[in-house]
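# dropping a prediction and its sequence here:
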Amino acid sequence: MLRRLFLAVESHSGSSRSPGSASSSFGAVQSKRHAASKPGAGLATSMQQHWRVKPSSDVPTPGWGLALPIIPSSTFKMMDAAHGARLHAKDRSPEADEDGYVYGRWGNPTTHAVGRMLSTAEGIDIEAEGSCTYVFSSGMAAITTTMLTLLTSGSHVVAQRCVYGGTHEVLSGILPALGVEVTWVDGSSIEQWSAAVRPNTRLLYAETPANPSMRLTDLEALGALCLQVNLSRPAPERLAVAVDGTFGTPFHQQALSYPGVDISIHSCTKYLGGHSDVVAGCVTTRDEGLLKRLGHFQKLLGNSLGPWEAYLLGRGMKSFVPRMRTHSANAQQIAEFLEAHPNVTAVHYPGLKSHPDHELAKKMLRNGFSGMISFELPSYAKAAQVCERVKCIHLAVSLGATESLIQHPASMTHAMVPEEERAAAGIPGGLVDSKATTTAATTTTTTNQHKKTTTTTTVQQQCFFFVVCGNLVPGGLVRLSVGTFVWPNHVIQITNYNKQQPNNNNSNKTTSKSQQTVIWNASRLAQRRPVISSPT
């Protein structure tokens with residue numbers, strides 16, 4: 001007797017959706033799609049479900065496996081010819097039933113299990129709706145596949161100017177070469193979104209919070225615009241809204257909870273994976289017809305996630321909720337510290353009252369305001385100095401994991417974006433990107449002997465923050481990704497490097513004690529102000 005193992009990721013009830021239980025036409029489930037609970041409801045409990053490996057009924061098993069298994073098979077055995085024909089006739093793969101799988105590129109049990117976890121994080125009731133998520137080999141694979149699924153030659157897409165550099169390159173280079181028109185707008189202006197819509201517009205593409213400006217797009221207003229436009233359009237010409245919520249994560253922001261928002265995209269490499277050990281992406285939608293088309297394109301493009309990577313992503317998601325809670329709490333404290341720092345010219349963090357989208361952030365973002373911060377310093381030179389000299393923070397791209405990282409967007413993640421377009425998007429050349437995580441650190445002092453300036457960073461025990469510097473002209477914006485833990489005696493010192501130092505070539509000469517340094521100490525955060533002291 002053939003013994004088939006079927007992997008089901010489920011809660012205690014153990015039910016799964018039968019094929020064809022939802023509408024199959026894109027845009028035809030506008031009302032059902034948004035019947036979910038309000039943003040954030042049930043996330044904490046849904047992420048605490050018991051995920052099981054369930055064998056089919058003909059395999060006797062004394063218990064359940066607690067860890068997600070890795071199923072490395074590239075192909076799956078079929079019971080008979082009729083079974084094979086039935087599997088190949090399905091218009092969506094993988095199916096959440098006991099019929100099994102066909103081929104690794106079409107779907108894998110481990111990857112499918114993680115897709116169900118991601119659906120749950122997005123607020124999907126997987127017992128009622130099944131998995132609504134496809135998992136991809138990268139965030140860019142998820143973004144590109146979504147665009148290719150929705151857009152054809154002659155189509156028009158409206159996108160916000162400030163997006164991830166790779167996304168910008170697809171929108172500005174690849175899609176136009178395929179005959180797709182692109183219009184850029186200020187993502188925070190619903191008036192610009194509305195004015196840009198044409199009869200052939202098929203997609204509104206938003207990224208919120210934006211990378212790296214931290215500006216927000218009003219998803220309620222954007223979804224309402226989409227619904228209004230679609231009232232007068234036949235189904236084949238319907239407008240869709242896709243949202244890259246990587247910075248916000250489903251913990252803070254569930255895009256699909258807003259009526260009119262069709263697609264939620266994440267780079268799972270970042271906060272969802274959370275450990276810098278996997279590259280992955282995901283797309284979630286409640287629209288059954290669109291979900292089938294996404295699956296079809298994924299099969300043909302061959303960019304599905306492998307089982308080993310899926311296992312790592314699933315393991316990282318087990319700590320997703322507590323990690324994000326701490327990321328956000330730490331970021332709020334550090335943003336307030338930076339805002340009070342005399343050498344920081346501007347801080348861009350939605351949790352600050354000074355942020356232009358603060359009121360919108362209070363409405364859209366739950367459980368805090370994310371772990372990403374952007375801030376500006378006087379010059380590009382200072383940005384380069386910090387990037388090159390930090391000892392407790394790694395010069396590297398990405399974010400959302402346990403390491404502290406620092407990078408310069410204008411020359412790294414957004415280098416492919418023309419300078420004038422970066423300026424229009426609010427990404428000055430001196431912008432530096434920094435992420436904070438869990439790094440064992442020691443006290444480090446770096447001194448520029450040529451320019452007689454000193455930057456001092458002191459971190460005791462473990463460091464979970466990023467420090468980034470940038471230049472206003474051509475760009476002083478800095479991005480900071482705050483990590484997961486801050487101990488009470490953590491200290492950050494940022495020397496007032498603008499003051500002239502004595503002209504002395506002695507490399508062992510210490511900085512003048514008259515030079516003021518702002519020190520951030522976690523034990524003083526309740527006072528909500530930095531401490532002024534002299535460096536020792």
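Looks like it arrived, so ask away.

# so L118 touches T133, yeah?
Yes. L118 lies in contact with T133 (C-beta atoms under 8 Å); the separation is 4.4 Å. From N, CA and C alone the C-beta is placed, and that goes for glycine too.

# what do those two both touch?
Common neighbours of L118 and T133 (criterion: C-beta atoms under 8 Å, 6 or more residues apart in numbering): C282, T284.

# got the contact list for L301?
Listed by C-beta under 8 Å, 6+ apart, the contact set of L301 reads A141, T145, L148.

# compare these and tell me which is most surrounded.
The residue in the contacts of L301 with the most neighbours, by other C-beta atoms under 10 Å, is T145 (25 neighbours).

# how about low-confidence regions in the stretch 1-150 of the chain?
1-64, 92-97 (pLDDT under 70).

# mind doing that once more with 90?
Where the stretch 1-150 of the chain drops to pLDDT under 90, the residues are 1-67, 85-101, 107, 126-131.

# do a quick rundown of the strands in it.
Shown for the stretch 1-150 of the chain, the strands assigned by DSSP state E, counting those that start in this stretch span residues 133-136.

# domain ranges for the chain?
As given by automatic domain parsing, the domain ranges for the chain are 30-317, 322-501+512-533.

# by mean pLDDT, show me the worst of the ones you listed.
Among the domains of the chain, domain 322-501+512-533 has the lowest mean pLDDT, at a mean of 59.

# my guess is H252 contacts N367. True?
Yes. Between H252 and N367 there is a contact under C-beta under 8 Å: 5.9 Å.

# quick one, which of the two is more surrounded?
Legend: neighbour count by other C-beta under 10 Å for H252 and N367, higher for H252 (26 against 17).

# if we can go back for a sec, what residues are shared contacts of H252 and N367?
Common neighbours of H252 and N367 (criterion: C-beta under 8 Å, 6+ apart): M324, S328.

# any residues touching the biggest strand by length in the chain, and which ones?
Longest strand of the chain, by residue count under DSSP state E: strand 201-207. Residues from elsewhere that reach strand 201-207, judged by C-beta under 8 Å, 6+ apart: 147, 150-151, 155-160, 162-164, 167, 171, 187, 193, 197, 217, 219, 222, 225-226, 229, 237-247.

# would you map the helices across the stretch 301-450 of the chain?
Counting by DSSP state H, counting those that start in this stretch, the stretch 301-450 of the chain has helices at residues 307-317, 320-339, 358-364, 380-389, 419-424.

# okay, the ones you listed in CSV with mean neighbour count and distance to S213 next?
Formatted as CSV, those follow (neighbours: other C-beta atoms under 10 Å; distance: least, C-beta to C-beta, whole Å):
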stretch, mean neighbour count, distance to S213
helix 307-317, 23, 27
helix 320-339, 22, 14
helix 358-364, 17, 13
helix 380-389, 20, 16
helix 419-424, 16, 10
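
# any chance of these in a markdown table, with distance to I70 too?
Shown next, in a markdown table, are those (distance: least, C-beta to C-beta, whole Å):
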| stretch | distance to I70 |
| --- | --- |
| helix 307-317 | 5 |
| helix 320-339 | 20 |
| helix 358-364 | 37 |
| helix 380-389 | 37 |
| helix 419-424 | 41 |
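
# quick one: closest of those to V182.
For V182, the closest of the helices of the stretch 301-450 of the chain is helix 419-424, at 11.8 Å, according to C-beta to C-beta.

# on that earlier part again, among the contacts of L301, name the ones in helices.
Assigned to helices by DSSP state H, the following of the contacts of L301 qualify: A141, T145, L148.

# the second one and Y311, how far apart?
Using C-beta to C-beta, to the nearest Å, T145 is found at 22 Å from Y311.

# just the contacts of L301 now: which is nearest S398?
The closest of the contacts of L301 to S398 turns out to be A141 (C-beta to C-beta; 15.6 Å).

# so who does that closest one touch?
The neighbours of A141, taking C-beta under 8 Å, 6+ apart as the test, are G281, L301, N303.

# just give me the closest of those residues to R389.
Nearest to R389 among these: G281, at 33.2 Å, using C-beta to C-beta.

# give the burial count for the residue nearest to that closest one when sequence neighbours are not counted, as a bare number.
Computed as C-beta to C-beta, 6 or more residues apart in numbering, the closest residue to G281 that is not its neighbour in sequence is A142, at 3.3 Å. By other C-beta under 10 Å, the residues close to A142 number 30.

# for A142, which residues are in contact?
Applying C-beta under 8 Å, 6+ apart, one finds that A142 lies in contact with Y134, F136, I265, H266, S267, G281, C282, V283.

# close enough to count as contact, the first one and C282?
Spelled out, that is Y134. Yes. Proximity of Y134 to C282 meets the contact threshold set by C-beta under 8 Å, at 6.8 Å.

# now the common contact residues for those two.
Taking C-beta under 8 Å, 6+ apart as the criterion, Y134 and C282 both touch G115, A142.

# G107: how many residues sit nearby?
For G107, the neighbour count with other C-beta under 10 Å is 23.

# gap between it and V243?
The spacing between G107 and V243, counted by C-beta to C-beta, is 25 Å.

# so what's L312 up against?
G273, H275, D277, V278.

# quick one on the thing from earlier: among the contacts of A141, which one lies nearest to S328?
Of all the contacts of A141, S328 sits closest to G281, with 22.2 Å by C-beta to C-beta.

# for the closest one, name its beta-bridge partners.
In this entry, G281 is beta-bridged to F136, S267, by DSSP bridges.

# and it, how far is that from A206?
According to C-beta to C-beta, G281 and A206 sit 16 Å apart.

# L239 too?
From L239 to A206 the distance is 13 Å (C-beta to C-beta).

# for stretch 277-297, list the C-alpha coordinates in PDB.
Provided in PDB are the C-alpha atoms of stretch 277-297 (Å, rounded to 0.1, in the frame of the first residue of the first chain):
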ATOM      1  CA  ASP A 277      19.900  33.400   7.000                       C
ATOM      2  CA  VAL A 278      17.300  33.200   4.300                       C
ATOM      3  CA  VAL A 279      16.300  35.100   1.100                       C
ATOM      4  CA  ALA A 280      12.500  34.900   0.500                       C
ATOM      5  CA  GLY A 281       9.400  36.900  -0.500                       C
ATOM      6  CA  CYS A 282       5.700  36.400  -0.400                       C
ATOM      7  CA  VAL A 283       2.500  37.600  -2.000                       C
ATOM      8  CA  THR A 284      -0.900  37.300  -0.300                       C
ATOM      9  CA  THR A 285      -4.300  38.000  -1.800                       C
ATOM     10  CA  ARG A 286      -7.900  37.000  -1.000                       C
ATOM     11  CA  ASP A 287      -8.900  37.200  -4.700                       C
ATOM     12  CA  GLU A 288      -9.100  33.500  -5.800                       C
ATOM     13  CA  GLY A 289      -8.700  34.300  -9.500                       C
ATOM     14  CA  LEU A 290      -5.700  36.500  -9.000                       C
ATOM     15  CA  LEU A 291      -4.200  33.800  -6.600                       C
ATOM     16  CA  LYS A 292      -4.500  31.200  -9.400                       C
ATOM     17  CA  ARG A 293      -2.800  33.500 -11.900                       C
ATOM     18  CA  LEU A 294       0.000  34.200  -9.500                       C
ATOM     19  CA  GLY A 295       0.500  30.500  -9.000                       C
ATOM     20  CA  HIS A 296       0.600  29.900 -12.700                       C
ATOM     21  CA  PHE A 297       3.200  32.600 -13.300                       C
END
